[in-house]
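*Asks:* Prediction below, plus the sequence it came from.
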Amino acid sequence: MGTYRHWIFPRLLDLVMRAPQVAAYRRRIVPRAHGRVLEVGIGSGLNLPLYGPAVQSLYGLDPSTELLQMTTRRAQQAGIDIQLFDRSAEQIPLEDRSVDTVVMTWTLCSIPDPLGALREMRRVLKPGGELLFVEHGLAPDAGVRAWQHRLNPLWNRMAGGCNLDRKMDELIAAAGFRLTELDTGYAPGPQLARPWTYMYDGCAERD
């Protein structure tokens, strides 16, 4: 299991997350980041090319050393200056109210304590700061939800702690954020994939 977790899964995740359907969500959300930016769950750095000139400084956080090594290579190749932290989001090593934008793409599903992590993101955001997010989670259709609950224990073990059945908008609101934009719906693809492809994307503000 150690070989799978440390060597096979990070490379498989990097490959899967390059899919065109996924890239479309990234292009809609990530370029809106501005100021001092923290990306939570930066993974292999696939969002890096999408950050624009409005970003003054960039921080990335992820608990996977192997994925952070991929991010480091991508940042060096692109000439992007970034500071990386090898840890989960329940403890963010930044000061209170020090970040303008937090970016989170397909991350909240796999954080062991999602509410605690969101409260940490809120802590480091300045008043009026924004959380930009794309996540997959609990679907509204009873049949799909039933499969999400049924598949989740096995999927969680196979997919690095990923959960299929978290209600992302409710988690974000419960952490004290105000949702200012929210789009939901299934990503394009076959109906059999629906337990994995109900998406939540948008923006939440720290009061």
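*Replies:* Cool, the structure landed.
*Asks:* Reduced to three states, what does the closest residue to residue 59 other than its chain neighbours come out as?
*Replies:* Closest residue to residue 59 apart from its sequence neighbours, by C-beta to C-beta, 6 or more residues apart in numbering: residue 38 at 4.6 Å. To be clear about C-beta, it is placed using only N, CA and C from the backbone, and glycine gets the same treatment. Judged by DSSP: H, G, I helix; E, B strand; the rest coil, the three-state class of residue 38 is strand.
*Asks:* so residue 38 touches residue 95, yeah?
*Replies:* No - counting by C-beta atoms under 8 Å, residue 38 stays clear of residue 95, with 11.5 Å between them.
*Asks:* Identify the contacts common to those two.
*Replies:* Common neighbours of residue 38 and residue 95 (criterion: C-beta atoms under 8 Å, 6 or more residues apart in numbering): residue 124.
*Asks:* Neighbour count for the two, which is higher?
*Replies:* Set side by side, residue 38 and residue 95 show more neighbours around residue 38, with 28 against 9, by other C-beta atoms under 10 Å.
*Asks:* Pairing partners for the residue nearest to residue 125 when sequence neighbours are not counted in the sheet, please.
*Replies:* Using C-beta to C-beta, 6+ apart and skipping the chain neighbours, the partner closest in space to residue 125 is residue 206 (4.2 Å). Here residue 206 sits in beta bridges with residue 177, going by DSSP bridges.
*Asks:* going forward, begin numbering at 5 instead of 1
*Replies:* Sure, I'll start counting at 5 from here, so that last one is residue 210.
*Asks:* how much space between the closest residue to residue 92 other than its chain neighbours and residue 24?
*Replies:* Leaving aside its chain neighbours, residue 92 sits nearest to residue 67 (4.4 Å; criterion: C-beta to C-beta, 6+ apart). From residue 67 across to residue 24, the span is 27 Å (C-beta to C-beta, to the nearest Å).
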